Structure formats: C-alpha cells, structure tokens
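1. whatever this is, show me its structure:
(one chain, ligands or ions: 1)
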Amino acid sequence: MSIKENYKSIKDQLPSNVQLVAVSKTHPASAVQEVYDLGQRVFGENKVQELMEKSPLLPQDIQWHLIGHLQTNKVKYIAPFIDTIQSVDSEKLLSEINKESGKYNRIIKVLLQVKIAAEESKFGLEIAEAKNLFQQYAEGHFPNVEITGLMGMATFTDDEQQVRNEFSILKGLFDELNQSKTLNTLSMGMSDDFPIAIECGANSVRVGSAIFGRRDYSK
Ligand SMILES: *Cc1c(COP(=O)(O)O)cnc(C)c1O
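-> As a prediction, this is how the structure comes out:
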C-alpha cells in the first residue's frame, strides 16, 4: 500500500478523540511532506539530530513531538521550537527542559514516560518516581513546562493480555494523577498495538511503520 492509503486506513481506525502522532523517524522529509499534504500536522521523531536536519526542510506549522530518549545536553537545540517532549524520564531532564524553555519564554509541553513493560527497558520513570515528579509539578515547581500527560510502551509480545495489563496500569496512574491536576494526554500504542491501547484508554497514539512502511536502518 502507498503512504496515502496507509495514512487513510490508520485515520479510519482512530476514534475522533484520539490524536495521531505520525512517527517519521528514518524516513525522508519528502515522506513527511506527503503525509502533511494529506492534512497531518503532528509528527514524532526519536533523535534530536534527525529532527534538526529534517524540520528546516518542512512547513513551519508542523507540531514536532520528541518521542525518544533525550540527553540533557541536547535540550537546548530543540527548546526553541519543539511542541511536546513525550520522553521525560528523569527529574534532571525535566529541570533542564524547564530552564531552556524559560530562556525562550515558552512553556513546553511534556509527557512523563513511565516504565510499564515487563521487559528490561532502559528508559522511563518507575511509577513512584512519576508520582513524585508530578507532585512537585502540581506544587508549582517547573513553571516553564506543562505536564500534559503520560507516555508508555508495552512489552513487545504476542501476548495480548499482557499488553492490555500494561496499558491498564498506565491508565490507572493517569486517572490517579488527573485528580490532583488535570492531564489531557495518555500516549500509548504504536503500529502493532494501538487498537488495544485505545481500548485501554489511550487518546494519543504514535504510529510509524503502519504509515510510512518498514524502517530501513541500513541506510
Ligand atoms: C518508533 C517509535 C514508535 C512507532 O513505532 P511503529 O512500530 O513504527 O509504529 C512509537 N513510539 C516510540 C517511542 C518509538 O520510538
């Protein structure tokens, strides 16, 4: 199927309240432009360098989301323009985003990335850490960021029940935090598991290969 057919098919599967973040990592600016021309405005990249190379070639009104691990020393490059940083996995990173955001008089939107997968994943906050960080934020710390929600990735497995359990854990945390200060975004689900994520309460999905085709890392 073509990118256009893929995109239409994904859009058809998403309820109207679910945001699509089109994950364009490894794909050229021309492919992003093609999806932009179909009406898509929110795109996700996982590497700062790739984002810095691609974004100047593309329309200014794209809302870029960073979805991959972010080193604190790279925050300064994206702070002027990034719409949302979905991968906040430490207090140190949140502080740095807050500082850089302030330099540009911006309030950068962020999601706390929470470890929900059973498999050993390097990045993401433990649930207790996420609660602690959100508590600090709710008390007025980090004034130049807005924590708009949570992001998580389920284990890569065929066991649908496990995936469902993991997404449900994040939904539970989302509902709990939402009681102390309003959250809008629950980002979970990728090409292979977004229908399950939506059933479990996701209102934002990050879909790459099901739109752009398989990634070729050999290039
Ligand atoms: C690559 C990536 C995605 C998209 O994955 P697909 O399986 O291609 O849809 C979503 N979220 C994160 C954090 C990613 O790194």
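
2. quick check: closest non-adjacent residue to Lys11.
-> Nearest-residue entry for Lys11: Leu20, 6.9 Å, with adjacent residues in sequence omitted and distances by C-beta to C-beta, 6 or more residues apart in numbering. The way it works is simple: take the backbone N, C-alpha and C, and place the C-beta from them, glycine included.

3. so what's the backbone phi/psi at that neighbour?
-> Note on Leu20: its backbone torsions stand at phi -100, psi 120 [degrees, to the nearest 10].

4. which SS state does the residue most central in space within the chain fall under?
-> Centroid check for the chain by C-alpha atoms, centre = their mean gives Gln86 as the closest residue, at 3.8 Å. Under DSSP: H, G, I helix; E, B strand; the rest coil, Gln86 falls in the strand class.

5. ok, the longest strand belonging to the chain: who's next to it in the sheet?
-> When the chain is parsed with DSSP state E, its longest strand is strand 145-152. Taking DSSP bridges as the criterion, strand 145-152 sits next to strand 108-113 (parallel), strand 185-188 (parallel) in its sheet.

6. what mean pLDDT does the first one get?
-> Summarised as a single mean, pLDDT over strand 108-113 is 98.

7. same thing with stretch 23-35?
-> pLDDT averaged over stretch 23-35 gives 98.

8. got a list of contacts for it?
-> With contacts defined as C-beta atoms under 8 Å, 6 or more residues apart in numbering, stretch 23-35 is touched by 3-4, 7, 22, 43-47, 50, 54, 57-59, 62, 67-68, 190, 206-208, 211-213, 215-217, 219.

9. for stretch 182-189, the distance to its chain's centre please.
-> Centroid separation between stretch 182-189 and its chain, computed with C-alpha atoms, centre = their mean, to the nearest Å, is 9 Å.

10. how about residues contacting it?
-> With C-beta under 8 Å, 6+ apart as the test, stretch 182-189 has contacts from 19, 21, 86, 111, 147-154, 167, 170-171, 174, 177, 195-198, 200-207.

11. report the buried members of these.
-> 19, 21, 86, 111, 147-154, 167, 170-171, 174, 177, 196-198, 200, 202-207 (16 or more other C-beta atoms under 10 Å).

12. output the contacting helices and strands for the longest helix along the chain.
-> Ranked by residue count and defined by DSSP state H, the top helix of the chain is helix 160-177. Here helix 160-177 touches helix 127-138, strand 145-152, strand 185-188, helix 194-199, going by 3 or more C-beta pairs under 8 Å, 6 or more residues apart in numbering; DSSP states H and E.

13. let's see 6 Å
-> Applying 3 or more C-beta pairs under 6 Å, 6 or more residues apart in numbering; DSSP states H and E, we find helix 160-177 packed against strand 145-152, strand 185-188, helix 194-199.

14. can you list the buried residues in stretch 179-187?
-> Leu183, Thr185, Leu186, Ser187.

15. which of those lies closest to the ligand?
-> Distance to the ligand across the buried residues of stretch 179-187 (C-beta to the nearest ligand atom) is lowest for Ser187, with 8.3 Å.
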